[in-house]
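Visitor: Okay, predicted coordinates and the sequence, questions at the end:
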Amino acid sequence: EVQLVESGGGLVQPGRSLKLSCAASGFTFSNYYMAWVRQAPKKGLEWVATISTSGSRTYYPDSVKGRFTISRDNAKSSLYLQMNSLKSEDTATYYCARDVLTTGFDYWGQGVMVTVSS
Amino acid sequence: EIVLTQSPTTMTASPGEKVTITCRASSSVSYMHWYQQKPGASPKPWIYETSKLASGVPDRFSGSGSGTSYSLTINNMEAEDAATYYCQQWNYPSRTFGGGTKLELK
């Protein structure tokens, strides 16, 4: 059974940093692109980042480019999101998801809440 | 960046009714994925590659479309179908979601 379990969320002040983790199991992690998707309270879904199987290629929307960094450790079957210079508008539930072009985001974690507030 | 516009943003339907949700892309895309999300839960893959149902999705659901116009249809609305539905596309290197359509039971 595929499982994605996020951790590392919490309350952080504007301008500070936070790192999220996602532990994957139930599939060969190194064979899949992985992604982070977020959802602000009462809002829709927003793609945040995608990383290739080896980690050599990363993709971001303009809203987080230069502030967020996605990375992975295939030996640990783990995905990460380093978030720097956090803003109030980054407040959201962050989901880890498996990213397959032909089937979309086909597995999702339960999500982790990040609140950016002073 | 391709923008996806869903309509309607909210709607109500009675049991047995036919429901259609549309998703329009600002430029042509190759296919569309759809997700279902219920309050307090993670999104679930629902339809992929425009018309293929994800595992466990009832066959009263269907998807269609091409180019810039796509749709999700429910034949014979059931109570369990009340949820928010999102479309999503991939256009290298970005992925984008539509704003969502909240479907409520009348």
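Guide: In hand now; what should we look at?

Visitor: can you confirm B:Asn76 is in a strand?
Guide: No. The assignment for B:Asn76, made by DSSP: H, G, I helix; E, B strand; the rest coil, is coil rather than a strand.

Visitor: Could I get the pLDDT score of it?
Guide: On the pLDDT scale, B:Asn76 is placed at 94.

Visitor: What residue in chain B comes nearest to chain A?
Guide: Residue nearest to chain A within chain B (C-beta to the nearest C-beta): B:His33, separated by 3.4 Å. Placement of C-beta: from N, CA and C, glycine included.

Visitor: for that residue, what are its contacts?
Guide: A:103-105, B:45, B:47-49, B:87-89 (C-beta atoms under 8 Å, 6 or more residues apart in numbering or on different chains).

Visitor: okay if I get these as CSV plus pLDDT and secondary structure?
Guide: CSV is the format used below for the contacts of B:His33 (pLDDT from 0 to 100; DSSP: H, G, I helix; E, B strand; the rest coil):
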residue, pLDDT, secondary structure
A:Thr103, 92, coil
A:Gly104, 95, strand
A:Phe105, 97, strand
B:Pro45, 98, strand
B:Ile47, 98, strand
B:Tyr48, 97, strand
B:Glu49, 96, coil
B:Cys87, 98, strand
B:Gln88, 98, strand
B:Gln89, 96, strand
